[in-house]
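Engineer: Just the structure for this:
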Amino acid sequence: MLKVYVKMYVQSTEEDTARYPALDQMTDNPFHLREDHSNDSSMLNVADGILSDEQFYIISLFMIYLSQIINICAIIANSLSIAVFVKLGFSETSNISLTALAVCDFTLAVIYTWCNLCFWLTYHNVHLPFHSANVSYLTGCAQFPFLSSTIAWITAFISFERCLCIIVPLKVRRFITPRSTFAAILLIILITFCPSFFTYISYKFVWAFNSYLNRTILNTNPVNSEFAILLEKIFLVICGVIQPLVAFSIVLICTLLLVIQLRKISSWRMSVTSAKSQRVQPKENPASSSSAAEARISQKEERLVRMVVAIATIFIVSYIPTCISLLCHVVFDELNMFGVYRRLSIVSAHITSLGQPISGSVNILIYYKMASKFRSVFRRLVRLDRQKQKRNELE
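Structural biologist: Numbers count the residues shown, from 1 in each chain. This is a model prediction of the structure:
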């Protein structure tokens, strides 16, 4: 059955130019396997030798199905996280940052789901009133690097904020307030995600008549403007390559500092506990009660820092393939969606796109495990406590 699908797909790709007459003038059709825009025949042979038609089809289709499952899990997980944080309120700065992170993860998962659906329709040659592969670029794929940059910088801001709260706790509380945190998150979104709309300067939607379907379909065409192309490349390099790598470096450095500081706090607490156990206090006085309150506060802060470290660690692990892919796309000119190695580029994009939805899906488990308030509100939200109470009554 799979071989029949492969043969149908290869035959359909040879007929793409006849079905979509606007495509033979366009260079933004990465799924047109028989077409190449390179003048170097040797490079073409090397590219064809990396992935055959059958290998490309099988790998791409498998990655689409796998990615779609992960994206659905990410949508559900981040929807629950947003609902819990809304119920918790935004009096604490950490709730604002984590809510913004959940919203961005949710948005990215929705866009991934839409693009995977469009890719699936392209692979199976489903006739629609729009060219699914090309339309998905402007309605989703073009926002990937910018939204990834936004998630990276929000994670960097969360790590940097916790790092300051541990190193200079008295000074940082003066200027890190809910209002300033909200302003910082809004500024990050404006700087990192809003430039994605400059993509619509280089491309535009067009209605083109399709002779094969005998009807007009929605398609995309590049704008023949050197300034628009240059502007898109500049913003793509800045927001899609430089900014994520800088944010990744900040997260890595702050996570290392937090881990070092946590070890110092743990060793200090162990020494204090051992010193107190050697002496017996007959009665609790106000001084000891105040010190106990301070200990409780520090433990709460420590739990929050441990949660941030866990989130940052998962982000670092999941973002390493994306960083490698970005660097490879910068070094190798033909490794892109419209170059000689477009098949390899598409497969690598499918693989690296799994990292952030997985990270967004796992975050809710970290919140549930390490945040007691989140856990209690989450259990009330999904009515786990009521079900547990009913089971106890039945027993």
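Engineer: for residue 159, what are its contacts?
Structural biologist: 250-251, 254-255, 258, 308, 312 (C-beta atoms under 8 Å, 6 or more residues apart in numbering). C-beta coordinates here come from the backbone N, C-alpha and C atoms, glycine included.
Engineer: Tell me the one of those nearest residue 377?
Structural biologist: Nearest to residue 377 among the contacts of residue 159 is residue 308, at 19.1 Å by C-beta to C-beta.
Engineer: quick one, what contacts the residue most central in space within the chain?
Structural biologist: Centroid-nearest residue in the chain: residue 356, 3.6 Å away (criterion: C-alpha atoms, centre = their mean). By C-beta under 8 Å, 6+ apart, the contact set of residue 356 is 105, 108, 148, 151, 318-319, 322.
Engineer: Present these as CSV; the columns should include pLDDT, neighbour count and secondary structure.
Structural biologist: Below are those laid out as CSV (pLDDT from 0 to 100; neighbours: other C-beta atoms under 10 Å; DSSP: H, G, I helix; E, B strand; the rest coil):
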residue, pLDDT, neighbour count, secondary structure
105, 93, 26, helix
108, 92, 26, helix
148, 85, 26, helix
151, 92, 25, helix
318, 86, 18, helix
319, 83, 25, helix
322, 77, 24, helix
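Engineer: wait, which of those is closest to residue 139?
Structural biologist: Using C-beta to C-beta, those come closest to residue 139 at residue 108, 14.0 Å.
Engineer: Mind pulling up the pLDDT for residue 70?
Structural biologist: If you check residue 70, the pLDDT there is 93.
Engineer: Correction: the previous question concerned residue 226.
Structural biologist: Residue-level pLDDT assigned to residue 226 equals 78.
Engineer: tally of neighbours for it?
Structural biologist: Using other C-beta atoms under 10 Å, residue 226 has 8 other residues around it.
Engineer: what about it, distance to residue 238?
Structural biologist: 19 Å (C-beta to C-beta, to the nearest Å).
Engineer: Isn't residue 236 up against residue 145?
Structural biologist: Yes: using C-beta atoms under 8 Å, residue 236 is in contact with residue 145, at 6.4 Å.
Engineer: quick one: which of those two has more around it?
Structural biologist: Using other C-beta under 10 Å as the criterion, residue 236 and residue 145 rank with residue 145 on top: 23 against 18.
Engineer: isn't the more buried one right next to residue 240, touching?
Structural biologist: Yes: between residue 145 and residue 240 there is a contact under C-beta under 8 Å: 3.0 Å.
Engineer: where does stretch 305-316 sit relative to the chain's centre, distance-wise?
Structural biologist: Taking the mean of its C-alpha atoms, stretch 305-316 sits 15 Å from the chain's own mean (C-alpha atoms, centre = their mean, to the nearest Å).
Engineer: My error: substitute stretch 154-166 in the last question.
Structural biologist: 19 Å.
Engineer: quick one: low-confidence parts of the stretch 201-350 of the chain?
Structural biologist: 269, 272-298, 329-330, 333-339 (pLDDT under 70).
Engineer: Swap in 80 and give it another go.
Structural biologist: 201-203, 210-214, 222-233, 235-237, 239-241, 262, 264-302, 322-346, 349-350 (pLDDT under 80).
Engineer: can you map out the strands along it?
Structural biologist: 203-210, 215-222 (DSSP state E, counting those that start in this stretch).
Engineer: so what does the last one touch, helix or strand wise?
Structural biologist: By that I understand strand 215-222. helix 132-139, strand 203-210 (3 or more C-beta pairs under 8 Å, 6 or more residues apart in numbering; DSSP states H and E).
Engineer: got it, and the first one?
Structural biologist: For strand 203-210, the packing partners by 3+ C-beta pairs under 8 Å, 6+ apart come out as helix 132-139, strand 215-222.
Engineer: partners of it, with directions?
Structural biologist: strand 215-222 (antiparallel) (DSSP bridges).
Engineer: on that earlier part again, now, of the helices and strands packed on strand 203-210, which is deepest in the fold?
Structural biologist: helix 132-139 (a mean of 21; mean count of other C-beta atoms under 10 Å).
Engineer: same for that one, what does it pack against?
Structural biologist: Helix 132-139 packs on helix 93-123, strand 203-210, strand 215-222, going by 3+ C-beta pairs under 8 Å, 6+ apart.
Engineer: Serialize the ones you listed to CSV and add fields for distance to residue 364.
Structural biologist: CSV is the format used below for the helices and strands packed on helix 132-139 (distance: least, C-beta to C-beta, whole Å):
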stretch, distance to residue 364
helix 93-123, 8
strand 203-210, 36
strand 215-222, 36
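Engineer: who wins for proximity to residue 371 among these?
Structural biologist: The nearest among these, by C-beta to C-beta, is helix 93-123 at 9.0 Å.
Engineer: Name the residues of that closest one that are buried.
Structural biologist: Of all the residues in helix 93-123, those buried under the rule 16 or more other C-beta atoms under 10 Å are 93-109, 111-113, 115-116, 118-123.
Engineer: Repeat that for stretch 156-165.
Structural biologist: So for stretch 156-165, counting by 16+ other C-beta under 10 Å, buried means 156-165.
Engineer: what do you get for stretch 183-193?
Structural biologist: Per 16+ other C-beta under 10 Å, stretch 183-193 contains these buried residues: 184-185, 188-189, 192-193.
Engineer: same question, stretch 373-382
Structural biologist: Those would be 374, 377-379, for stretch 373-382 by 16+ other C-beta under 10 Å.
Engineer: ok, the closest residue in space to residue 98 that isn't next to it in sequence - contacts?
Structural biologist: Using C-beta to C-beta, 6 or more residues apart in numbering and skipping the chain neighbours, the partner closest in space to residue 98 is residue 85 (6.2 Å). By C-beta under 8 Å, 6+ apart, the residues touching residue 85 are 95, 98-99, 102, 374.
Engineer: Please identify which of those is nearest to residue 221.
Structural biologist: Of these, the one sitting nearest to residue 221 (C-beta to C-beta) turns out to be residue 102, at 36.4 Å.
Engineer: any idea how far the closest one lies from residue 62?
Structural biologist: With C-beta to C-beta as the criterion, residue 102 and residue 62 are 28 Å apart.
Engineer: Out of the helices and strands packed on helix 132-139, which is closest to residue 301?
Structural biologist: helix 93-123 (10.4 Å).
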